[in-house]
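Colleague: sequence below, structure please.
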Amino acid sequence: MRLPLAEALRLYLVTDQASLRGRTLADVLLVAVQGGVRCVQLREKTLATRDFVALALAVKDLLAPFDVPLIINDRMDVALACGAQGVHLGQSDMPVALARQLLPPGVFIGLSVENLADVARAARLPVDYLGISPVYATPTKTDTAIPWGLAGVRQVRTMTELPLVAIGGIHQGNAAAVLQAGADGLAVVSAICSAPDPGAAARSFQDILKAQPTP
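Modeller: Next comes the predicted model:
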């Protein structure tokens with residue numbers, strides 16, 4: 001991976017095939033990456049394992065020419081099978097310490113944190129970044145905890161030096177405020193996946209990021 005992790009996390013696309021408005025995932029990813037997306041998390045809650053691995057391999061090949069890392073959501077088996085550059089775990093997924101033992105060196109781990117106790121525990125875990133989830137309520141993921149809000153992002157920022165990626169209801173209208181509250185990166189779902197022009201949407205987020213000081 002050519003970009004340092006902190007830079008790759010700045011504009012982080014989480015896939016949601018239900019949000020693609022009839023377009024293929026490959027088409028949306030290609031223009032989004034060309035527009036400035038710097039890492040992609042493949043999130044597939046319902047795909048059979050064989051199909052998930054096949055999709056992950058295809059996405060990894062698509063991203064490779066752009067040096068954009070592929071992150072697999074939840075599924076350690078899929079991450080290992082496709083040689084993903086990262087894995088993102090939730091609080092009910094495989095324990096981080098065990099995941100670290102199983103993953104090859106250099107594969108990074110992200111962890112979702114839903115409350116202050118999660119953040120405190122993360123200080124003792126071999127994680128590379130935290131996903132603050134959700135910052136705002138979002139229709140793309142309905143099993144989430146109470147939203148953090150901007151005050152929550154500020155509080156988490158005081159508790160850790162790990163890179164913080166904000167996810168949940170992030171769009172162009174609130175992105176700057178989330179960054180100013182202490183997030184290092186923006187994880188975006190429908191604001192890019194459902195945009196009429198995903199490439200232009202990615203460029204608009206990059207413009208917002210460029211206007212903010214780099215952490």
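
Colleague: below-threshold pLDDT in the protein: ranges please.
Modeller: For the chain, the stretches flagged by pLDDT under 70 are 1-2, 140-144, 214-215.

Colleague: neighbouring contacts of the longest helix anywhere in it?
Modeller: In the chain, taking DSSP state H as the definition, the longest helix is helix 49-63. Applying CB atoms under 8 Å, 6 or more residues apart in numbering, the contact partners of helix 49-63 are 25-26, 29-30, 33, 40, 42, 44, 47, 69-70, 72, 75, 77-79, 81-84. Where C-beta positions appear, they are placed from N, C-alpha and C, glycine not excepted.

Colleague: kindly provide the distance from the nearest residue to residue 33 once chain neighbours are set aside to residue 110.
Modeller: Closest residue to residue 33 apart from its sequence neighbours, by CB to CB, 6 or more residues apart in numbering: residue 66 at 5.0 Å. Using CB to CB, to the nearest Å, one gets 20 Å for the distance from residue 66 to residue 110.

Colleague: out of these two, which sits in the busier spot?
Modeller: residue 110 (26 against 15; other CB atoms under 10 Å).

Colleague: check contacts around that one.
Modeller: With the criterion set at CB under 8 Å, 6+ apart, residue 110 makes contact with 71, 86-89, 127-131, 165.

Colleague: where does it land in three-state SS?
Modeller: For residue 110, the assignment made with DSSP: H, G, I helix; E, B strand; the rest coil gives strand.

Colleague: and for residue 12?
Modeller: Residue 12 - assigned by three-state DSSP - is strand.
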